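Asks: What follows is a predicted protein model with its sequence.
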Amino acid sequence: MLIHFRRLSACLAAIPMSIALLALTARGTPRPESFPRQAAAAPAAEQTAGQAFKNLQILKEIPASKLMPTMFFIAASLGVGCDHCHVTSDSGPWPMEKDDKKEKQTAREMMKMMQAINDQNFSGRLEVTCATCHAGHTEPVALPPIPALGAKHTEEKPAEAKDQPTADQILDRYVEAIGGAPALAKLTTRSIKGARVSESGRTYTLEIVEKAPNLGLLTSTSPKGEVTRDGFDGATAWNSSDGSAFPSQGLDGARIARDAQFFVDTDVKKRYPRRFVVGKDSIGGEDAYLVRAGGHGDVSEMLYFSVNSGLLLRRIVLTQTALGRYDEQTDFSDYRDVDGVKLPFTVTRMEAAARHTEKYSEIKHNVPVDDSIFHMSVGPK
């Protein structure tokens, strides 16, 4: 949302472009899509996954850049990491193209089955996915859920009021709720200090610098003094860790660029031609309107705005992959007034392989910022 997040991201330089079927990250495992680019001229047309990766037998015809997001979706659907299906190594490159594990063979058969179900029953539309049956478990979920005591059944849910506001009215109210367009226009830079707390309770020092409209740099320092940076210079997203900087592509790169937006989701109407109100939901016990926004490209959003205050409570970004939509959730709370605008001082990030909370202690606006800090460094930074 208004303040961007950056998950710690590291480079798996040891893994070559031979990554085959299920190259996924487990919690705490670096994402392989953050590899350094090869110093070669860009081809006239993007390679297919089958051309770019070794021993790929399914999804060979999709663009190579779409393979890793698809793998992340499979990992999230089963709640697993790379080592569930792939051969790994403690030293040297992981031989992920090998077929030694039965789970990898099974994954191929499951993808064939899923494609057949959609082809035969839904005219090829992606209606049934890995998540449909697995729901975050390695084995398909075969038992129907039992509602908790006191839970209301779907049929008892009251009908939505006919005078429900439109999506554009909710979006306009959000801009006003955080301060209004004139107040937002007065702010050009932002400096944030705080802490990033992992799900296990480990605390990192966090510093964020932003410059309108879309420059961002996040610096995270571990208790041992290890520094990781994520940046976006308006064109290139990048990571740096262990003294090395490298471009970030795929889901990580898109996330870094998205989180560098100075006031995120104040321009939904510009970015997404399709917008509609789904209805009401409850976020942390607070009633919220759910707005779905989408359009051209692979990304859409689910936005939850407080019925009472108009503020954004939750943002779910959905990225379409070859097998289903990968979701990333961000919750916003503890809004405070800073220089005439309301900003969340607690931001919780959740996805399959990364969960943490950012707690901000200080936010300042219109501080001097040198644009050079947003550019990827050649050497140690």
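Replies: Done, it's in. Numbering: from 1, shown residues only.

Asks: can you give me the strands for the stretch 151-300 of the chain?
Replies: In the stretch 151-300 of the chain, the segments counted as strands under DSSP state E, counting those that start in this stretch are 189-198, 203-211, 215-221, 227-232, 237-241, 244-247, 274-283, 286-294, 299-306.

Asks: Report all helices and strands that the third one contacts.
Replies: Strand 215-221 sits against strand 203-211, strand 227-232, helix 250-259, with contacts defined as 3 or more C-beta pairs under 8 Å, 6 or more residues apart in numbering; DSSP states H and E. For the C-beta atoms, the positions are set from N, CA and C on the backbone; glycine is no exception.

Asks: Hmm, Glu105 is touching Lys98, no?
Replies: If you look again at residue 105, you'll see it is Gln, not Glu. No - the criterion here is C-beta atoms under 8 Å, and Gln105 misses it with Lys98 at 11.4 Å.

Asks: just the helices in the protein please.
Replies: For the chain, applying DSSP state H gives helices covering 49-52, 67-78, 102-121, 130-134, 167-177, 181-185, 250-259, 268-271.

Asks: list the buried ones in stretch 189-208?
Replies: By 16 or more other C-beta atoms under 10 Å, the buried positions in stretch 189-208 come out as Thr189, Arg190, Ser191, Ile192, Gly194, Arg196, Val197, Tyr204, Leu206, Ile208.

Asks: My error: substitute stretch 45-59 in the last question.
Replies: With the criterion 16+ other C-beta under 10 Å, stretch 45-59 contains buried residues Thr48, Ala49, Gly50, Ala52, Phe53, Leu56, Ile58, Leu59.

Asks: and what of stretch 270-286?
Replies: So stretch 270-286, judged by 16+ other C-beta under 10 Å, has buried residues Arg271, Tyr272, Arg275, Val277, Lys280, Ile283.

Asks: tell me the two of the buried residues of stretch 189-208 that are most distant?
Replies: Thr189 and Val197 (25.8 Å; C-beta to C-beta).

Asks: How about the most centrally placed residue in the chain: which residues does it bridge to?
Replies: The centroid of the chain falls nearest to Glu328 when counting by C-alpha atoms, centre = their mean (4.1 Å). Judged by DSSP bridges, the bridge partners of Glu328 are Val317.

Asks: Equivalent analysis for the one 4 residues further on, please.
Replies: On the basis of DSSP bridges, Phe332 is bridged to Val347.

Asks: Check the gap between Arg315 and Lys269 for me.
Replies: 16 Å (C-beta to C-beta, to the nearest Å).

Asks: in this protein, which segments are predicted with low confidence?
Replies: Where the chain drops to pLDDT under 70, the residues are 1-44, 151-162, 378-381.

Asks: give me that answer again for 80
Replies: Applying pLDDT under 80 to the chain flags residues 1-44, 92, 96, 145, 147-163, 243, 352-353, 378-381.

Asks: Among the strands of the stretch 151-300 of the chain, single out whichever gets nearest to Met376.
Replies: Nearest to Met376, of all the strands of the stretch 151-300 of the chain, is strand 237-241, at 3.9 Å by C-beta to C-beta.

Asks: elements contacting that closest one?
Replies: By 3+ C-beta pairs under 8 Å, 6+ apart, strand 237-241 packs against strand 227-232, strand 244-247, helix 250-259.
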